[in-house]
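Participant: dropping a prediction and its sequence here:
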Amino acid sequence: MRSPLVRLLPLLIIVVVFAVSSVVSLQRNSEASQLIAISMKNGAWSATELESEMQHFLYSLELLPAGLRNWMDVKLRYDLFWSRVRVLSKGEENQEFRTRAHVQSVLDVLEALFEKYDTYFKQAVAPKPEILEATYDDFSELLPVIREINVQSFNGESTFLRLERIQSLHQEISVFLLGLLSSGTALILFIARQSARNRRLALHDSLTGLPNRSYFNEQLTSAEARAFRSSTRMAIHVVDVNDFKLVNDQYGHATGDQLLIEVANRLSHCVRRSDTVARIGGDEFAIIQEDLEGAEAVAQLGERICSEMQAPITIGHESLHIAVSVGASIYPDDAANAAQVIVNADQAMYQAKLRKTLRFQFFDRSINDRLVRKQMLVADFSSALENGELTLLYQPIVALSTQQVKGVDGQVYWYHPVFGRLEAEEVSQIAEYAGLAHAYIEWLMSTACEACASWYCSGLALAPIYIDVTPLCYIDSHLAQTVEHALRSSQLPSEGLVIKVSEAVVVKHLNAARTASASLDRLGVGIALDKFGSGFASIKHLHELPIQLLKVDRSLTHAIQRDTRLLYVIAQLLAGLNLKGVVEGVEAESECAALVGLGFAWGQGSLFCKPVELSALIYFLGGSLPQSR
Amino acid sequence: MRTISYLAVCVLLLSNPVAADELPRPLGTVILTLTGQLTLGNSHNGVELDMALLQALPTHRIETETPWTEGKVAYLGVLLSDLLRWAGGEDARKVKLVALNNYSATVPIQEIRSYPVLVAFKADGKMMRVRDKGPIWVIYPLSDYPELDTPKIHSHMVWQLRHIEVR
């Protein structure tokens, strides 16, 4: 960084030269003009007038004796001549003239002569001829000197000196005008350079020197126009440094900055000259790849970027290994305008981030559609919850041999106006994405508990309700509180509620699940392991958690026709651990018979009753079963 | 045709009388003559003035410096515009001022009407002789109106004025 003084010094010098040149050329110019004016006006004219008045006077004296002039004429000429001498002797107009050689002395002599002969020229009649001759002689004696002054005024030394001075002044003016011109030019260049620099600063990222986001957008608009006109294709790549925040946190921002500079260098190295690389965010870069031959070129560039970044980056003593995620989208294939192409590429980049190996991903419309669907559902979830668009259905769990109702499985669904019916699993996912899982569970618990109380407390059936909660809610410390509140307000005994927890949650967050299960157990609420056999089927957890019941996934039920060994093992396991099992998806009598044969006690499925609304369930519990059988 | 000619002569006689009786005649030496577009006159040469006639007109005083004098001098004289009006030269467009040595300057009438331009006959209370740029000197108020202090106006300040031609 140069100091401000060093930066300003050239400008200061230029301005000083400009100012001095201006002032001096103005001064020299006015001096020259004055000299020219003096030479033109006063000197020559005054000298000529003096000589001519003298000639008139002497001539009238000459003509007087011959009677060609009268005495009045001569007197007038005498006065006019005298008047001229006085004009020259006084006032600023002829000041310069009086300073010339001999002028003042001649004027003095003339004044003395006028005084001397004044008495004769006052009289009405002409004096004697001798007097007139003496007058003539005295005055004409001065004629050569006056002639000399007159000639000098035009050609004299002083005139030459003045002319020379004027010439040299003009040369000086030329020099200073040159200074004026060059410093003026320099100023303009200086301003032009400064404004170019300002423009560059405004359009480029100061850290990496790459175009910034606004310049990138400009470039993108013109690239889009070019592609549109020439019917060619272009690709946008969005490049993001993975875990850049960790680098910043671990090594400091200076190292982070150095890393970004190196990433920028490598990116610039990867692309063709005609492509644009820009830094569009903290650790996010974008590339415009124009004039595409085909999609292979896009993949090549994306893969090349990923592999270029694999080489370790050395900053100071540290050698950093980084990876980038690259997403690409093609105009006009993926979208009708460039702005959407960037959004696509950005989405593809996020997809790439999820991958473990090669972090390059083309924009995928199906991914996009899923994302769009998810976004819409998330946006609509809050109003769905408030407006009662969620519905809880009930499916009885029965004893396989007696078909006596042993419980009721609660199943949520959401009928969305655009996407139709969404099942419980997706509803709870959306609730979590929307950040409304807690409100959702509150609604679910109170609805389920109130429904259950309606048959449980009226003595219709001592069948508890089975409710599943979202994975995050299960491990949340608020769950027990929510459950307790729902039980109390619905006055449902705690044994009337069974919480289903999916195997996946237990496996992933074992410690939290253990704590949550313990507090639910303390409340007296039952815990059932849901979807057993669809995932990890970890036997260890059956022992570690206070589980009373296990729901066997419907995928295993359907296999019973071909092979019963797996279900046999599960039945033995349940018997050994003293756990009850509920088999899901029992649809046929033969399945039911086989299950009974294997030793399973309870089941649910369309064979007994489909999931139904509360009123239908109450009807079912009442003993009549109009819709099935 | 003849009738029209007679009428024209009559009109001329009535409107532009050569009659010299309209203005008083000079009794002393004539120092200033006016000729040209004048509706009045006192001789067959137009208007002639001696010093007495000139001094009989309303006088004004101007104190000013000039390039040919040192310090301020008080000039007494008659306004050139008054003199023109007195001699019937109100419709003049310009006047040519001629000096004893035949120097002359032509002055537009606006200049005379816009500024108090003096036909001066006294400087610092004294009559001016020919040797002192007299007997009459056209004086512009240079000190009171700085815009007049230019070489062009200086050339209009005719000294030893002897004749005014009205155009």
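Facilitator: Thanks, I have the structure now. Numbers count the residues shown, from 1 in each chain, chains lettered A, B, ... in the order given.
Participant: report the helix or strand with the lowest average pLDDT across chain B.
Facilitator: When the helices and strands of chain B are scored by mean pLDDT, DSSP states H and E, helix B:2-15 comes last with a mean of 46.
Participant: and the next helix or strand past that helix?
Facilitator: strand B:32-36 (DSSP states H and E).
Participant: downstream of that next one, the next helix or strand is which one?
Facilitator: strand B:47-49.
Participant: briefly note if the helix or strand following that next one comes near chain A.
Facilitator: Under the assignment DSSP H and E, the closest C-terminal helix or strand after strand B:47-49 is helix B:51-56. No. Against chain A, helix B:51-56 shows no contacts by Cβ under 8 Å from any Cβ of the partner chain, the least distance being 16.0 Å. Placement of C-beta: from N, CA and C, glycine included.
Participant: restricting to C-alpha, output helix B:51-56 in CSV.
Facilitator: Extracted in CSV, the C-alpha atoms of helix B:51-56 (Å, rounded to 0.1, in the frame of the first residue of the first chain):
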residue,chain,number,x,y,z
MET,B,51,-18.3,83.4,-27.0
ALA,B,52,-21.1,85.6,-25.7
LEU,B,53,-23.8,83.5,-27.4
LEU,B,54,-22.3,80.3,-26.2
GLN,B,55,-22.0,81.5,-22.6
ALA,B,56,-25.7,82.7,-22.7
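Participant: mind showing which ranges of chain A have poor pLDDT?
Facilitator: Chain A contains residues with pLDDT under 70 at A:1-4, A:35-43, A:154-159, A:358, A:535-538, A:623-629.
Participant: for it, which strand is longest?
Facilitator: Across chain A, the longest stretch assigned as strand under DSSP state E is strand A:405-416.
Participant: please name every helix or strand in contact with it.
Facilitator: Using 3 or more Cβ pairs under 8 Å, 6 or more residues apart in numbering or on different chains; DSSP states H and E, the elements in contact with strand A:405-416 are helix A:365-386, strand A:390-399, strand A:420-423, helix A:424-433, helix A:437-456, strand A:465-468, helix A:614-621.
Participant: give me whichever of those is most buried.
Facilitator: Most buried of the helices and strands packed on strand A:405-416 by mean neighbour count (mean count of other Cβ atoms under 10 Å in any protein chain shown) is strand A:465-468; its value is a mean of 25.
Participant: after it, which helix or strand is next?
Facilitator: Heading C-terminal from strand A:465-468 (DSSP H and E), you reach helix A:471-474.
Participant: just the angle between the helix or strand just after that following helix and helix A:437-456, please?
Facilitator: Per DSSP H and E, helix A:471-474 leads on to helix A:479-490 as the next helix or strand towards the C-terminus. Calculated by axes from the mean of the first three to the mean of the last three Cα atoms, to 10 degrees, helix A:479-490 forms an angle of 40 degrees with helix A:437-456.
Participant: helices or strands up against helix A:479-490?
Facilitator: Contacts defined by 3+ Cβ pairs under 8 Å, 6+ apart place helix A:479-490 against helix A:437-456, strand A:497-502, helix A:510-523.
Participant: if you count neighbours, what's buried in the following helix or strand past the second one?
Facilitator: Proceeding C-terminally, strand A:497-502 gives way to helix A:503-508 as the next helix or strand, assigned by DSSP H and E. Judged by neighbour count (16 or more other Cβ atoms under 10 Å in any protein chain shown), helix A:503-508 contains these buried residues: A:503, A:505-506.
Participant: as a markdown table, these with distance to chain B would be great.
Facilitator: Listed next are the buried residues of helix A:503-508 as a markdown table, based on distance: Cβ to the nearest Cβ, whole Å:
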| residue | distance to chain B |
| --- | --- |
| A:Glu503 | 109 |
| A:Val505 | 103 |
| A:Val506 | 107 |
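Participant: one step back: now the angle between helix A:437-456 and the longest strand of chain A, please.
Facilitator: Using the same axes, to 10 degrees: strand A:405-416 against helix A:437-456 is 140 degrees.
Participant: for strand A:405-416, list every residue counted as buried.
Facilitator: Buried residues in strand A:405-416, counted by 16+ other Cβ under 10 Å: A:405-414, A:416.
Participant: can you list the strands that that strand pairs with?
Facilitator: Counting by DSSP bridges, the strands paired with strand A:405-416 are strand A:390-399 (antiparallel), strand A:420-423 (antiparallel), strand A:465-468 (parallel).
Participant: circling back to that earlier point, so can I have CSV of the helices and strands packed on strand A:405-416 showing distance to A:Val87?
Facilitator: Output for the helices and strands packed on strand A:405-416, formatted as CSV (distance: least, Cβ to Cβ, whole Å):
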stretch, distance to A:Val87
helix A:365-386, 104
strand A:390-399, 119
strand A:420-423, 118
helix A:424-433, 109
helix A:437-456, 114
strand A:465-468, 126
helix A:614-621, 132
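Participant: out of the ones you listed, which is closest to A:Glu141?
Facilitator: Taking Cβ to Cβ, helix A:365-386 is the member of the helices and strands packed on strand A:405-416 nearest to A:Glu141, at 120.3 Å.
Participant: quick check: angle from the longest strand of chain A to strand A:497-502?
Facilitator: Here strand A:405-416 points in a direction 60 degrees away from that of strand A:497-502 (the same axes, to 10 degrees).
Participant: CA atoms of strand A:405-416 as PDB?
Facilitator: Taking Å, rounded to 0.1, in the frame of the first residue of the first chain, the C-alpha atoms of strand A:405-416 are listed here in PDB:
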ATOM      1  CA  VAL A 405     -60.000 -55.700  19.600                       C
ATOM      2  CA  LYS A 406     -56.800 -55.200  21.500                       C
ATOM      3  CA  GLY A 407     -55.800 -51.800  20.400                       C
ATOM      4  CA  VAL A 408     -56.300 -49.100  17.800                       C
ATOM      5  CA  ASP A 409     -53.600 -48.000  15.400                       C
ATOM      6  CA  GLY A 410     -53.800 -44.200  14.700                       C
ATOM      7  CA  GLN A 411     -52.700 -43.200  11.100                       C
ATOM      8  CA  VAL A 412     -52.500 -39.600  10.000                       C
ATOM      9  CA  TYR A 413     -53.000 -38.400   6.500                       C
ATOM     10  CA  TRP A 414     -53.200 -35.000   4.800                       C
ATOM     11  CA  TYR A 415     -55.200 -34.400   1.700                       C
ATOM     12  CA  HIS A 416     -53.400 -31.600  -0.200                       C
END
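Participant: between helix A:614-621 and it, find me the angle.
Facilitator: Using the same axes, to 10 degrees, the inter-axis angle of strand A:405-416 relative to helix A:614-621 is 160 degrees.
Participant: how far does strand A:405-416 sit from its chain's centre?
Facilitator: Computed by Cα atoms, centre = their mean, to the nearest Å, the chain-centroid distance of strand A:405-416 equals 50 Å.
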